[in-house]
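Colleague: Pasted the sequence and its predicted model underneath.
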Protein chains: 4
Amino acid sequence: MQIQLTEQKQEFNKRHTKTRRRSLSRSISQSSTESFSSAYSDSSEDESSPKDKLQKTSKGLSDFCIKNIKYASHGRREIEIAEQEMPALMVLRKRAGGEKPLAGAKVVGCTHITAQTAVLIETLCALGAQCRWAACNIFSTQNSVAAALAEAGISVFAWRGESEEDFWWCIDRCVSAQTWQPNMILDDGGDLTHWIHKKYSTMFLKIKGIVEESVTGVYRLYQLSKAGRLCVPAMNVNDSVTKQKFDNLYCCKESILDGLKRTTDVMFGGKQVVVCGYGEVGKGCCAALKALGAIVYVTEVDPICALQASMDGFRVIKLSEIVRQVDMVITCTGNIVSRCFHFTMKCKNGCIICNMGHSNTEIDLAGLRAADLKWEHVRPQVDHIVWPDGKRIVLLLMFADEYVASLHLSTFEAHLTELTDEQAKYLGIGKHGPFKPNYYR
Amino acid sequence: MQIQLTEQKQEFNKRHTKTRRRSLSRSISQSSTESFSSAYSDSSEDESSPKDKLQKTSKGLSDFCIKNIKYASHGRREIEIAEQEMPALMVLRKRAGGEKPLAGAKVVGCTHITAQTAVLIETLCALGAQCRWAACNIFSTQNSVAAALAEAGISVFAWRGESEEDFWWCIDRCVSAQTWQPNMILDDGGDLTHWIHKKYSTMFLKIKGIVEESVTGVYRLYQLSKAGRLCVPAMNVNDSVTKQKFDNLYCCKESILDGLKRTTDVMFGGKQVVVCGYGEVGKGCCAALKALGAIVYVTEVDPICALQASMDGFRVIKLSEIVRQVDMVITCTGNIVSRCFHFTMKCKNGCIICNMGHSNTEIDLAGLRAADLKWEHVRPQVDHIVWPDGKRIVLLLMFADEYVASLHLSTFEAHLTELTDEQAKYLGIGKHGPFKPNYYR
Amino acid sequence: MQIQLTEQKQEFNKRHTKTRRRSLSRSISQSSTESFSSAYSDSSEDESSPKDKLQKTSKGLSDFCIKNIKYASHGRREIEIAEQEMPALMVLRKRAGGEKPLAGAKVVGCTHITAQTAVLIETLCALGAQCRWAACNIFSTQNSVAAALAEAGISVFAWRGESEEDFWWCIDRCVSAQTWQPNMILDDGGDLTHWIHKKYSTMFLKIKGIVEESVTGVYRLYQLSKAGRLCVPAMNVNDSVTKQKFDNLYCCKESILDGLKRTTDVMFGGKQVVVCGYGEVGKGCCAALKALGAIVYVTEVDPICALQASMDGFRVIKLSEIVRQVDMVITCTGNIVSRCFHFTMKCKNGCIICNMGHSNTEIDLAGLRAADLKWEHVRPQVDHIVWPDGKRIVLLLMFADEYVASLHLSTFEAHLTELTDEQAKYLGIGKHGPFKPNYYR
Amino acid sequence: MQIQLTEQKQEFNKRHTKTRRRSLSRSISQSSTESFSSAYSDSSEDESSPKDKLQKTSKGLSDFCIKNIKYASHGRREIEIAEQEMPALMVLRKRAGGEKPLAGAKVVGCTHITAQTAVLIETLCALGAQCRWAACNIFSTQNSVAAALAEAGISVFAWRGESEEDFWWCIDRCVSAQTWQPNMILDDGGDLTHWIHKKYSTMFLKIKGIVEESVTGVYRLYQLSKAGRLCVPAMNVNDSVTKQKFDNLYCCKESILDGLKRTTDVMFGGKQVVVCGYGEVGKGCCAALKALGAIVYVTEVDPICALQASMDGFRVIKLSEIVRQVDMVITCTGNIVSRCFHFTMKCKNGCIICNMGHSNTEIDLAGLRAADLKWEHVRPQVDHIVWPDGKRIVLLLMFADEYVASLHLSTFEAHLTELTDEQAKYLGIGKHGPFKPNYYR
């Protein structure tokens, strides 16, 4: 079993993963722009690094590293509220009825750390698993939730506003417990898997499998597999129909309006909006914005998606045709938006620019910051970029990954019909499915 | 090369294809119920069988068999109007600019014969192909369009209201021209392909390929292939994204309202409707009905589709829960609706029952006709079924196959964005695609 | 009591009413353009004027004048189908339970004569009224329905394709029965009322009231009233909330899609459409077209309505900005569309122009016909206008008055809540209403 | 001039106004339920009453009474962001170009004090008016905005969490400045007008007029007028079309989703929701919830509104039929919801109850608090009510008045068409309107 990573792969990593974090973290470390960095840090009182602090839970445990254990009770309330919206997992806990179907599982995880993922982690524990967890993103951790998990006895290593060095340090602490070796990996983005490959490759002898939920992570696993170096089974959660349809389409349909309203207080009726990209994320955004009375335009590269946009009632245009007149630009490309700085130059005063795709590389922050413009931080996630002539662009950074719709799915009120024998025979399938390939849905 | 068909396969055919036609044709032949049969025939003046008539075009050609060549000018106008809505094909003709890229192609086809398919057939001819054509359905032929094709010199064998015997006779006449052998097959349902396999199997030595556009036909080809008897390449048009999304979802979204309004003059606002099945067809119907103010319920067997229905705002129920209160039942199952007679028993007075799925097996006509109920034919495609107590069910038979949205697709007004080199590299694809697998759409 | 009409009023009439009919009828009489006129006549077999024929019902009655009494059974079926969709009236009949609350009422009416109005007329009769009826429009009469009414013993004077002279002759025959004098008027457009004023003014001594349902008719009554010449009570049905909201908004929402699809077979998805006017009619059209995937623009003169259009997600533009790119122009102005010929000049090939407002003066037919363009009649209600360079405009003439949504309203499935005493007191109204002025709805 | 108020009127006041505040303030003062009261106060640090503190602006002014002048810079930023969304007012300021059209106006105002109303107040000042302002609601003041207004030199008397006594004290301080007498009143709810009538009736000799924007306030003015005691002109802003359509329909359509998501993080797709009341507020809520995939039911008392709900695709039911199964109850009645406690008894676990109508009397808080249930305050505006068996109801209190859509209206991108002379003549109106009565919109 050989798990050395080639240079080429590291090249890939740098492009896909590190760049994204680095571009942001560089902004933070270098920067005189207080406004920008503060978008992602907590209120300023507590400036010391979590790595330098020794904290203990009320039961005396200390195998964790988080912002502040005192936030635990607040985080617990957040988790309890989230549980109300995640009945599927709660039903799982209930059905187990004290049984421990996951006994023996040692899961090392690396995901966003939010009230919702906390419900997932605690469900794994309730079913018998042991868990150690790190954050997959340096900005998205809810410090109070991390505190609540730690207080509950789970080894969490994560805080909002990690440096790149912190990021890998946390992952390493998760993996390298002295008396504990993981036998399962739950990864979002592939960084955890990458780190184990690179530093602890013999661990794979005991690892039974990997669950990976991001496009990027799946792509990296696929490269490993092609190179013959993927030595354990890996489950591609990203391409599951629930992930594609529910986390992307429905999640974005639900969250785009709230994200914009909460941060910018904009009205949608009559606003002209261009949505870049008509994949599932773009479809969800377009549907919601149209429903609230916005006039929506779409840009697309793929003719089939363009045709869908057109049939759904959206004019398909090039960004350059419309950029001077729109009130909002929503990027849903999952890709670098081309000539980002160039198009913001043409936006009209007050235009809101928001990334909704699952990557903050969509908007070229580094490029925007390099230009000689004034930045004003106005609210969490929201900066104003001010041109010398007074023109003001509202930049809204969303972490759509943060919001995982499929975890909300649940004991929803639906009464399924059951196939009769005759019908099942007609279709040539079993009475209880499986029913059809995803692409029929 | 061995192309004998096993008993088992004939069993399949009987179930999938013949039953459907037989159940209807039996109704016609046996029946004292004038009303029902007349739904599918032209006005009564011209009762003689086309097979018994010798007709000639204005140029003296007679290698065709249709209802009445005199209808040609009316059919021509219908075709010309259809051409306006099918710019993609018209652009193809124009681009050819007199070139004959299909010269040498001898296409034998078996599809619905409508103004739209006529535009397709004449496009093949304009590009140099020779064509002979039969109908894939005994009820759906537009007689005037068939006449216009014949007058244009194309050998067409089809009329509305064929018997089962007529049906196979027409196909046979298409295939068995004395001085002409096909080298390509364009089939919808697999009957033409089946007939050549059965009676003219040596023809496959010259046939270069099959294009098949129906679920049923694809299934039959797949069975042949599994059995090692598919000896030429076959192209599955049914599973193309344009077929799935455009012919099914968008087509049904566009045609359900018109179909119901045109035939029953019903208002949609406030009406309670149950749509059976939430595949692409059901999704299209639900979206349109909801948009016009109907209160829509969905039945589903597949939990993922049920979840989609729920997220899209439709209550998912069992038919039995709701059947007594709904104003319309729309079947979009592509399957036999279970206990059809049983549920119509419970429908309230005036309830409209309509099949939208691509098969008229959805509604068990034979079962309904066997029961001791009165049938009144009120308009084309519409019968009233009257219970002894005066309860009246409106039965609307739709031929969704008849309406092929993808043929309407066209030079639609969309300005595509082009990937930059950097973006293409990021995605790991070419600048001009292909972009993504269908199931991401 | 003085009921002479001034010149000024006749001026009004000419503008509002006669012009509209004359512009059309002139087209018919003068015209070499067979295609245009035939849009409004029945199939050609029966060319003699109804005035020249003596017809009798099966019971020997002859006090009517219609196209052909033989159509009665077909018309009866149409009426029966309409009854299914008009439960409110049917419930009225049932509730009467043989009582004749309208006994003694002698109603002379002048409306469109369709299956729906027939249900209304027959309901009046069922409740004890005596009725005589004429058509308010020379083109909209359903001949078979008129025949069914005659066969049922109701004195109807109407056929499709009346000349202007016919039109007034029919009204006169309704009014001037020898042994019968009306005591109630039900009018749509004011022509009947006008005629009685002009020729039989003493009749008003016995007339108890007028019900008027059109804008034009109400305006004329209002002028009479201002001039002190309205000597009986008149009920303005036009401004009732059911008329404004239901006949206009909901009716047009329901009928625009069907009207366009039925006549032109157009797909809506991705089509660019401009709707002229955002009153109730325009609101209905826009909502339906948007829901089916059209990209809709609005023109408006009234800033409040323009703002509503904008908040509802429609770009408000001037016709001149968009006319070259749209696929359809729908007029909902209730007014002459300005420079009609001028803008059709700029429409692109294949553009559909359709009037939806309640007046066929919206589109300047006379102006269009005066220009040296070729007209081709392609289907009922549809003409192609062909420019010398081959450009083709599709002209669709709708009679939205024909379709009266409020007559469909019914025992709809709604469970009303009842105010408690406390709530009624809080609002300061009675427990059973009336609830609020129309403008709050 | 006689302005004594009768007992009967005070009765009215008590019912309409005081009750509402008292029921809430009593909860606060009596209560051991920390959770409830804290919903409406700022974070706890600063517990002293503003009345007891002497504060000064940076310029040494002290004629105001607010929570904390230190919040001014934060409030200023909020106001600046609001200005971006309120271009109509900003354009007014700009057009004035230094002119002072309102010079001499002395406006005393009593409204919600939010960033949006601050933009209005500062616009009045920019145009030359002098203003003194109090809050019309004891809970809705944004303390930082009040601070910014004070810092800008405007005499503001308001803070979040006033007692009833504070409320009248603030109004009195506004009115009774020693060297300043108002000549205009801008009121929301009628309390300010009422106070002046009661205590300073001679002021009306100098007051030129009253602008009143609430239903309640208009009703009170109307009662005064009927009694012959309204001695100055009063402008009813509430019934303006912009208020009815924009503040109610569009505002609620925009804010319901955000309000629910922001506070409860609920997903809408597939949720069953009952909306009580289908006036403009209910229409807006229903449209938004339906668009996001909720299954929406409506309760109504008014048959016309019920019919509209039905035609728009909502089942009209009684609350009792559906209350056990719904996930949310949204009240939009503008009235006391009947038997409030009774129906919450039947709600299922986790059900969200939210008032959207413009009055917090809709939900009987006093009744709910009287019952022996546990209250937990979980977030601003959100309390959980916990039943002895563990059932938990989520109570969300919205202040829809707080969000005034019409103030956002603006230089929206609409190109108005202008009537031609001919068209204006046809309609019988002027070329530039006025166009039509509100009830046609």
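Modeller: Nice, thanks for sending it over.
Colleague: contacting residues for the closest residue to chain D within the stretch 151-300 of chain A?
Modeller: Residue of the stretch 151-300 of chain A nearest chain D, by Cβ to the nearest Cβ: residue A:291 (3.2 Å). Quick note: C-beta positions are derived from backbone N, CA and C, even for glycine. Residues in contact with residue A:291 (Cβ atoms under 8 Å, 6 or more residues apart in numbering or on different chains) are D:287-288, D:291-292.
Colleague: In helices, which of those fall?
Modeller: In helices, defined here by DSSP state H, the members of those are D:287-288, D:291.
Colleague: Next, format those as TSV and append pLDDT and distance to residue D:313.
Modeller: Rendered in TSV, the data for the ones in helices among the contacts of residue A:291 read as follows (pLDDT from 0 to 100; distance: Cβ to Cβ, whole Å):
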residue	pLDDT	distance to residue D:313
D:287	96	10
D:288	95	14
D:291	94	11
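Colleague: nearest to residue A:84, of those residues?
Modeller: Minimum distance to residue A:84 across the ones in helices among the contacts of residue A:291 is 22.1 Å, recorded for residue D:288 (Cβ to Cβ).
Colleague: May I have the residues that are in contact with residue A:356?
Modeller: Neighbour list for residue A:356: A:252, A:256, A:259, A:281-282, A:285, A:330-332, A:398, A:400 [criterion: Cβ under 8 Å, 6+ apart].
Colleague: now residue A:60, what's its secondary structure?
Modeller: coil (DSSP: H, G, I helix; E, B strand; the rest coil).
Colleague: And for residue A:83, the neighbour number?
Modeller: Neighbour count for residue A:83, taken as other Cβ atoms under 10 Å in any protein chain shown: 18.
Colleague: now swap in residue A:234 and tell me
Modeller: With neighbours defined by other Cβ under 10 Å, the count for residue A:234 comes to 20.
Colleague: and if you look at the one 10 residues further on?
Modeller: In terms of burial, residue A:244 registers 19 neighbours under the definition other Cβ under 10 Å.
Colleague: Identify the spatial nearest neighbour of it, chain neighbours not counted.
Modeller: Spatial nearest neighbour of residue A:244, chain neighbours left out: residue A:280 (5.8 Å); criterion: Cβ to Cβ, 6 or more residues apart in numbering or on different chains.
Colleague: mind listing what the closest residue to residue A:209 other than its chain neighbours touches?
Modeller: Counting by Cβ to Cβ, 6+ apart, residue A:209 lies nearest to residue A:233, which is 4.5 Å off, once chain neighbours are set aside. Taking Cβ under 8 Å, 6+ apart, we find residue A:233 in contact with A:208-210.
Colleague: out of those residues, which is most surrounded?
Modeller: When neighbours are counted as other Cβ under 10 Å, the busiest of these turns out to be residue A:210, with 23 neighbours.
Colleague: ok, what's across the strand from that one?
Modeller: residue A:185, residue A:234 (DSSP bridges).
Colleague: follow-up on the earlier one: what is the nearest of the contacts of residue A:356 to chain C?
Modeller: Closest approach to chain C among those (Cβ to the nearest Cβ): residue A:285, at 14.4 Å.
Colleague: Tell me how many other residues crowd that closest one.
Modeller: Residues lying near residue A:285 (other Cβ under 10 Å) number 33.
Colleague: Any idea how many residues pack against the residue nearest to it when sequence neighbours are not counted?
Modeller: Leaving out its chain neighbours, the residue that sits closest to residue A:285 by Cβ to Cβ, 6+ apart is residue A:256, at 4.6 Å. Residue A:256 has 27 neighbouring residues, counting by other Cβ under 10 Å.
Colleague: Report the contact partners of the residue in the stretch 1-150 of chain A positioned nearest to chain C.
Modeller: When scored by Cβ to the nearest Cβ, the stretch 1-150 of chain A has residue A:84 as its residue closest to chain C, at 29.1 Å. With contact set as Cβ under 8 Å, 6+ apart, residue A:84 has these partners: D:350, D:392.
Colleague: any weak-confidence spans in chain A?
Modeller: Chain A contains residues with pLDDT under 70 at A:1-46, A:338, A:358-361, A:399-400, A:402-414, A:426-427, A:433-441.
Colleague: mind listing the strands in chain A by residue range?
Modeller: A:106-111, A:130-135, A:155-157, A:184-187, A:209-212, A:234-236, A:272-276, A:295-299, A:315-316, A:328-331, A:352-355, A:374-379, A:382-386, A:392-397 (DSSP state E).
Colleague: Please produce a markdown table containing the ones you listed, extended by distance to residue B:80.
Modeller: As requested, these are exported to a markdown table (distance: least, Cβ to Cβ, whole Å):
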| stretch | distance to residue B:80 |
| --- | --- |
| strand A:106-111 | 60 |
| strand A:130-135 | 65 |
| strand A:155-157 | 71 |
| strand A:184-187 | 60 |
| strand A:209-212 | 56 |
| strand A:234-236 | 51 |
| strand A:272-276 | 38 |
| strand A:295-299 | 33 |
| strand A:315-316 | 29 |
| strand A:328-331 | 43 |
| strand A:352-355 | 48 |
| strand A:374-379 | 60 |
| strand A:382-386 | 56 |
| strand A:392-397 | 52 |
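Colleague: Out of the ones you listed, flag the one nearest residue D:352.
Modeller: Ranking these by their distance to residue D:352 (criterion: Cβ to Cβ) puts strand A:374-379 first, at 25.8 Å.
Colleague: okay, the angle between that closest one and strand A:392-397?
Modeller: Between the direction of strand A:374-379 and that of strand A:392-397, the angle (axes from the mean of the first three to the mean of the last three Cα atoms, to 10 degrees) works out to 50 degrees.
Colleague: partners of strand A:374-379, with directions?
Modeller: For strand A:374-379, the pairing partners within the sheet under DSSP bridges are strand A:382-386 (antiparallel).
Colleague: And the partner strand, what's buried?
Modeller: Within strand A:382-386, the residues that qualify as buried by neighbour count (16 or more other Cβ atoms under 10 Å in any protein chain shown) are A:382-385.
Colleague: returning to what we had before: so the residue nearest to residue A:285 sits right up against residue A:289, yeah?
Modeller: Yes: with contact taken as Cβ atoms under 8 Å, residue A:256 and residue A:289 are classed as touching, separated by 6.8 Å.
Colleague: still on that earlier bit, with distance to residue A:309 as extra columns, can I get the contacts of residue A:356 in JSON lines?
Modeller: As requested, the contacts of residue A:356 are exported to JSON lines (distance: Cβ to Cβ, whole Å):
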{"residue": "A:252", "distance to residue A:309": "15"}
{"residue": "A:256", "distance to residue A:309": "16"}
{"residue": "A:259", "distance to residue A:309": "21"}
{"residue": "A:281", "distance to residue A:309": "13"}
{"residue": "A:282", "distance to residue A:309": "8"}
{"residue": "A:285", "distance to residue A:309": "11"}
{"residue": "A:330", "distance to residue A:309": "13"}
{"residue": "A:331", "distance to residue A:309": "15"}
{"residue": "A:332", "distance to residue A:309": "11"}
{"residue": "A:398", "distance to residue A:309": "21"}
{"residue": "A:400", "distance to residue A:309": "19"}
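Colleague: Please name the residues that touch residue A:124.
Modeller: For residue A:124, the residues meeting the contact criterion (Cβ under 8 Å, 6+ apart) are A:102, A:105, A:107, A:131.
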